[in-house]
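>>> What follows is a predicted structure for the sequence shown.
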Amino acid sequence: MARLLSMNENRPLTRRAFLGQAATLTALGVAAPHLVTAAQPAGQPAHSPNGRIHLGLIGCGGMGRANLGACASQPDVVVTGACDVWQSRRDAVVQQFKDTCKGYRDFRELLQQPDLDAVIIATPPHWHALIAIAACEAGKDIYLQKPMTLHLAESFAVRNAVRKHDRISQVGTQIHASENYRRVVELIRSGNLGPVGVVRTFNVLNQMPDGVGHSPATPIPAGLDWELWCGPAPLHPFNPILAHDAANHSSWLDYGGGWTPGMAPHIIDLPVWALDLGFPLKTSSAGGRYFLKDDGDAYDNHEVLWQYPNLTMTWMSSLTNSYGFDFEGDPKPERRLGIYFHGSNGTLAADYGTLKILPEGDKMKGLEAPPKSIPPSPGHEREWLECIKSRRQPSCNVSYHVRVDVPIVLSLLSLKLGRSIRFDPATERIVGDPEAARLAIPKYRAPWKFPKQYLNA
């Protein structure tokens, strides 16, 4: 029988966790114990007479509650669990679904529940890999908020865990479901632009001079398990700005990785999709924390160059200037983003809702826009729910999204090392740089351990 081998404990298990489940303890070559429970087999949900999907939420902040709301509004979903290390946040979700939902402080306890089909994982990013893998081991399908991971080894471990345990996965890049992205993909694939040799992507905003701000030393609020919040990342003194929401997580490297993993998953998703990009052969990254003076420690400017066969793609992130090229609009500072596809016949400029073609002379004269060929999305969360039932992977499953995630985490590693990183897509290995290969595998805070068994595809 398949078993859940979850991540290492930070503290003794609660009495409820032991008495509520038929769990046993085992050691799998590590000092700390693992939880063990039966995994749910693949197949359609069958926990209620009408086949409703029993859904849990791990991470009860704003984005998680938005994802949960989109799912809970569907007639074939019942919310049965809410997990957060902050009691007030999980209690709010439990109260919202009080007839069916139970609250949990520790995600491992929620994942042991046998009547749970799937979970939304909307924790801070430093938790994504461990919780996603534990959910797969427990036989739960996953909706994993972006960024998928923060480290190269995590990217492949999550993908391999989903494959090994035959789980349905969707990464929360909800812009993928938009109609505008579909039209861009159709136009790029039509060949009207000619060969595309360069793609430029960017996300900018101006947080000068104070960034996310400063907080005086603040005691840990009652009801918040701050040690479990930090989990496998370094144990940072409690900071209410850091803990506040997903946007603020991006200002700390250990917990959000900066604004590149915070926003690039939405933006480089479009060229990866339209051009069917694999993994980059070479990643070069530069930048740093130049001007911002806030409580965070992440870079305020980041420039990336990815080399693919016959294509280069660039990324620009700035927190000190918000100029948006052709997307500037009103000159007041605000967040702006965009993608440029530079082809031999013309340039296609796009953002979430804009598609503009700038021809090279008359090279596009007489070319007609391609017909609509990509069906509309039923909604990013709805697509996931339908796939849980059909057992077919949705459009942003982790095997697709790893091609979005790997360039991003390689850019962070390149920035950290101050040099380019070469990557072999065939072997999925860093080439010629033992230090980079070593640092690609995260070292978690004890007693948490990275699950190296998932590094082999």
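That came in fine, so what should we check first?
>>> contacting residues for the residue lying closest to D294 once chain neighbours are set aside?
Ranked by Cβ to Cβ, 6 or more residues apart in numbering and with sequence neighbours excluded, the top spatial neighbour of D294 is G211, at 3.0 Å. For every residue, glycine as well, the C-beta is placed using N, CA and C. Residues counted as contacts of G211 (Cβ atoms under 8 Å, 6 or more residues apart in numbering) are S251, L292, K293, D294, D295, G296, D300, L319.
>>> My read is that I58 contacts A122, right?
Yes. Between I58 and A122 there is a contact at 6.9 Å, judged by Cβ atoms under 8 Å.
>>> joint contacts of the two?
G64.
>>> Neighbour count: those two, which is higher?
I58 (29 against 26; other Cβ atoms under 10 Å).
>>> which SS state does G56 fall under?
strand (DSSP: H, G, I helix; E, B strand; the rest coil).
>>> Please, where are all the strands along the stretch 101-250 of the chain?
102-104, 118-121, 141-144, 169-171, 196-204 (DSSP state E, counting those that start in this stretch).
>>> so can I have TSV of those strands showing distance to T347, mean neighbour count and mean pLDDT?
What follows is those, written out as TSV (distance: least, Cβ to Cβ, whole Å; neighbours: other Cβ atoms under 10 Å; pLDDT from 0 to 100):
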stretch	distance to T347	mean neighbour count	mean pLDDT
strand 102-104	50	20	98
strand 118-121	37	27	98
strand 141-144	33	28	98
strand 169-171	28	29	98
strand 196-204	9	21	98
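>>> For N67, find the nearest of the ones you listed.
Smallest distance to N67 across those (Cβ to Cβ): 4.9 Å, for strand 118-121.
>>> wait, what's in contact with P371?
E186.
>>> now do the one 5 residues further on
With Cβ under 8 Å, 6+ apart as the criterion, the residues that contact P376 are E179, R182.
>>> So for R403, which of the strands of the stretch 101-250 of the chain sits nearest?
strand 169-171 (11.1 Å).
>>> Tell me which residues are up against stretch 322-336.
Outside stretch 322-336, the residues touching it (Cβ under 8 Å, 6+ apart) are F202, N203, V204, L205, N206, L337, G338, Y340, A349, D351, T354, K356.
>>> my guess is the third one contacts S318, does it?
Yes. In this structure, V204 is within contact of S318 by Cβ under 8 Å, at 4.5 Å.
>>> residue ranges for the helices of the stretch 1-150 of the chain, please.
In the stretch 1-150 of the chain, the helices defined using DSSP state H, counting those that start in this stretch lie at 15-20, 62-72, 87-96, 107-111, 128-137.
>>> So which of the ones you listed is nearest N239?
Taking those one by one with Cβ to Cβ, helix 87-96 is closest: 16.7 Å.
>>> if you average pLDDT over the closest one, what comes out?
Per-residue pLDDT over helix 87-96 has a mean of 98.
>>> about what we covered before: now secondary structure and distance to V94 too, for the contacts of G211, in a markdown table please.
As requested, these are arranged in a markdown table below (DSSP: H, G, I helix; E, B strand; the rest coil; distance: Cβ to Cβ, whole Å):
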| residue | secondary structure | distance to V94 |
| --- | --- | --- |
| S251 | coil | 30 |
| L292 | coil | 38 |
| K293 | coil | 40 |
| D294 | coil | 34 |
| D295 | coil | 31 |
| G296 | coil | 32 |
| D300 | coil | 39 |
| L319 | coil | 36 |
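>>> Tell me the one among the residues you listed nearest to L235.
D295 (15.9 Å).
>>> ok, how many other residues are close to that closest one?
17.
>>> Only the buried residues of stretch 64-72, if you could.
Buried positions in stretch 64-72, judged by neighbour count with 16 or more other Cβ atoms under 10 Å: G64, R65, N67, L68, A70, C71, A72.
>>> Now do it: distance to the chain's middle.
16 Å (Cα atoms, centre = their mean, to the nearest Å).
>>> tell me what the longest helix seen in the chain is packed against?
Counting residues, the longest helix found in the chain (DSSP state H) is helix 398-417. In terms of contacts (3 or more Cβ pairs under 8 Å, 6 or more residues apart in numbering; DSSP states H and E), helix 398-417 is packed against helix 152-164, strand 169-171, helix 259-267, helix 269-275, strand 282-288, strand 301-308, strand 421-424, helix 434-439.
>>> any chance of those in TSV, plus distance to S395?
Output for the helices and strands packed on helix 398-417, formatted as TSV (distance: least, Cβ to Cβ, whole Å):
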stretch	distance to S395
helix 152-164	15
strand 169-171	8
helix 259-267	14
helix 269-275	9
strand 282-288	25
strand 301-308	21
strand 421-424	25
helix 434-439	31
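>>> Figure out which of those is closest to R392.
Taking Cβ to Cβ, strand 169-171 is the member of the helices and strands packed on helix 398-417 nearest to R392, at 11.7 Å.
>>> neighbouring contacts of the closest one?
132, 141-146, 148, 162, 265, 380-381, 383-384, 387, 393-394, 396-398, 401, 404-405.
>>> Would you mind checking these for buried ones?
By 16+ other Cβ under 10 Å, the contacts of strand 169-171 give 132, 141-146, 148, 162, 265, 380-381, 383-384, 387, 393-394, 396-398, 401, 404-405 as buried.
>>> Just the buried positions in stretch 413-431, please.
Buried residues in stretch 413-431 (16+ other Cβ under 10 Å): L413, S414, L415, I421, R422, F423, E428, I430.
>>> and what of stretch 399-408?
Y400, H401, V402, R403, V404, D405, V406, P407, I408.
>>> Strand partners (parallel or antiparallel) of the host helix or strand of M313?
Here M313 sits within strand 311-318, counting by DSSP states H and E. Under the criterion DSSP bridges, strand 311-318 sits next to strand 196-204 (parallel), strand 301-308 (antiparallel) in its sheet.
>>> returning to what we had before: can you tell me which two in the buried residues of stretch 413-431 are farthest apart?
L415 and E428 (20.9 Å).
>>> in the stretch 351-457 of the chain, which ranges drop under the pLDDT threshold?
Along the stretch 351-457 of the chain, segments meeting pLDDT under 70 span 457.
>>> For I267, list the residues it contacts.
T201, F202, N203, W315, L337, G338, I339.
>>> Disregarding residues adjacent in the polypeptide, which is nearest to the fourth one?
If you skip the residues right next to it in sequence, W315 has V304 as its closest partner in space, 4.0 Å away by Cβ to Cβ, 6+ apart.
>>> so what's the one you found bridging to?
S285, W315.
>>> sorry, back to before: out of the buried residues of stretch 399-408, who's nearest P216?
I408 (33.6 Å).
>>> Verify the stated contact: that closest one with H266.
No. Assessed by Cβ under 8 Å, I408 is found out of contact with H266, at 11.1 Å.
>>> mind listing what R419 touches?
With contact set as Cβ under 8 Å, 6+ apart, R419 has these partners: D433.
>>> how close does it sit to W259?
22 Å (Cβ to Cβ, to the nearest Å).
>>> Mind checking which of the contacts of G211 are buried?
Buried among the contacts of G211 (16+ other Cβ under 10 Å): S251, L292, D294, D295, G296, D300, L319.
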